[in-house]
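[1] Let's see this in three dimensions:
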Amino acid sequence: MSASRIMLSYQRNIPIFKFVDNSRTACDEYVELFGIELQKNFYEADNPSSIYPCILDVSQSGMFSIKYMSDRLSKAHTNLENPPEMIIAYITHDLQDEALLSLIEQMRISAVSLKRKVFHETQLEEALDWLQSFATND
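    Down below sits the predicted model:
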């Protein structure tokens, strides 16, 4: 059995998906784990929010293949009924990753409503504050 490529933890009830590497296998594992978490914390919740905030931490792994991840998520999202608005904070070592995410934002590849922001690995608290600001407006 291979080691997990995604480490899941929570801070302030916000899931943090930490990528150990940026392989396609890691992307596949994230999509599977994300689906389980979304089902448990959104679809099966007693009082679900209209948003789903989370952190993708790529500070150790570097940015994954945007095209591959977008394709995988698009396929996964086609099966979702009334998906929540995704609010994603990326934690990265290299702030140039923000340029890649800006390109995605312009292309609007994602099949769901989505807000993204990139934070340096030293800004975890700021990322959590940013995500929680949406929860108070829900």
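[2] just the strands in the protein please.
    6-11, 14-19, 51-57, 85-92, 114-120 (DSSP state E).
[3] Compare those and give me the one nearest residue 29.
    strand 6-11 (4.9 Å; CB to CB). Quick note: C-beta positions are derived from backbone N, CA and C, even for glycine.
[4] mind listing what residue 124 touches?
    Residues in contact with residue 124, defined by CB atoms under 8 Å, 6 or more residues apart in numbering, are 11, 55, 91.
[5] Quick one: buried ones out of the residues you listed?
    Neighbour counting with 16 or more other CB atoms under 10 Å marks 55, 91 as buried within the contacts of residue 124.
[6] coming back round to it: which of the strands of the chain has the lowest mean pLDDT?
    Mean pLDDT values for the strands of the chain show the minimum at strand 114-120, a mean of 85.
[7] what angle do the longest helix seen in the chain and strand 85-92 make?
    What stands out as the longest helix in the chain, according to DSSP state H, is helix 24-38. For helix 24-38 against strand 85-92, the angle between stretch directions is 140 degrees (axes from the mean of the first three to the mean of the last three CA atoms, to 10 degrees).
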